[in-house]
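>>> this is a predicted model, with the sequence first.
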Amino acid sequence: MSNAAIPPAVTQLIETLAELPGIGPKTASRLAFYLLRGKSELALRLADALHKLVENTRFCSNCYNVTEQDPCPICADPTRDHGLICVVEEPLDLLSLERTEQYHGVYHVLHGALSPLEGIFAEDLRVKELEARLRAGNVQEVLLATNPTSEGDYTAAYLITRLKQFEVRITRLGR
């Protein structure tokens, strides 16, 4: 967006916001101008939250969930069943399962689903890391909780085939 009527800082904010999923140029413009209309306190809190996000969060070296400590609190919890790994596509999927308070195993976050049409292949996901966890032993069951979409189903089918080499029970989350 290049317009002499809009200051470069505003243009940069609009272009940056428009890179976020689900936010196009119109929504990005609305958000930017909303922050400009006397919302400086909100803008500063947003900037601080983004700074803390970048500085303080990382992915757990075991399950690849978003965390501020490594290992994450779930992986570090001795009361969890570490012999049961639930495979999910995204950290938000993990949060949904945790909210039910019904699952007491650990997780593995793939950070996506297979989608050859969108150029997302197995090497783009955390599949090798899952295999490494299974190679390390002590895992009795892998629960596949990919989303009920064509990509999620394709990912689950792929994982079933790829993980057959390990002596673990592989189950698919019921729908």
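All right, it came through fine.

>>> drop to CA atoms for contacts and neighbour counts, all remaining ones
Fine.

>>> what's the domain layout of this protein?
8-56, 59-172 (automatic domain parsing).

>>> next structured bit after whichever helix in the chain runs longest?
Taking DSSP state H as the criterion, the chain has its longest helix at helix 40-56. Note on helix 40-56: by DSSP states H and E, the next helix or strand toward the C-terminus is strand 58-59.

>>> residues touching the following helix or strand past that next one, excluding its own?
Heading C-terminal from strand 58-59, the first helix or strand you meet, by DSSP H and E, is strand 66-67. Strand 66-67 is contacted by residues Thr57, Arg58, Phe59, Cys60, Cys72, Pro73, Pro91 when judged by Cα atoms under 8 Å, 6 or more residues apart in numbering.

>>> buried among those residues? Make that a ChimeraX selection.
The buried residues among the contacts of strand 66-67 can be selected in ChimeraX (16 or more other Cα atoms under 10 Å) with this line:
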select :58,59,60,72,91
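
>>> helices of the chain, start to end?
8-18, 25-36, 40-56, 73-76, 91-100, 127-135, 150-163.

>>> most neighbours per residue, which of the domains of the chain?
Burial among the domains of the chain, expressed as mean neighbours by mean count of other Cα atoms under 10 Å, is greatest for domain 59-172, which shows a mean of 17.

>>> show me the shaky parts of this structure.
1-3, 175 (pLDDT under 70).

>>> what's the angle from the lengthiest strand in the chain to helix 127-135?
For the chain, the longest strand by residue count, based on DSSP state E, is strand 81-88. Interaxial angle, strand 81-88 versus helix 127-135 (axes from the mean of the first three to the mean of the last three Cα atoms, to 10 degrees): 160 degrees.

>>> now the residue lying closest to Gly24 once chain neighbours are set aside: how far from Leu92?
Among residues not flanking Gly24 along the chain, Ala18 sits closest, at 4.9 Å (Cα to Cα, 6 or more residues apart in numbering). Between Ala18 and Leu92 the computed distance is 22 Å (Cα to Cα, to the nearest Å).

>>> make a markdown table from the helices of the chain and add distance to Ile170 to it.
Formatted as a markdown table, the helices of the chain follow (distance: least, Cα to Cα, whole Å):
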| stretch | distance to Ile170 |
| --- | --- |
| helix 8-18 | 40 |
| helix 25-36 | 43 |
| helix 40-56 | 34 |
| helix 73-76 | 20 |
| helix 91-100 | 18 |
| helix 127-135 | 12 |
| helix 150-163 | 7 |
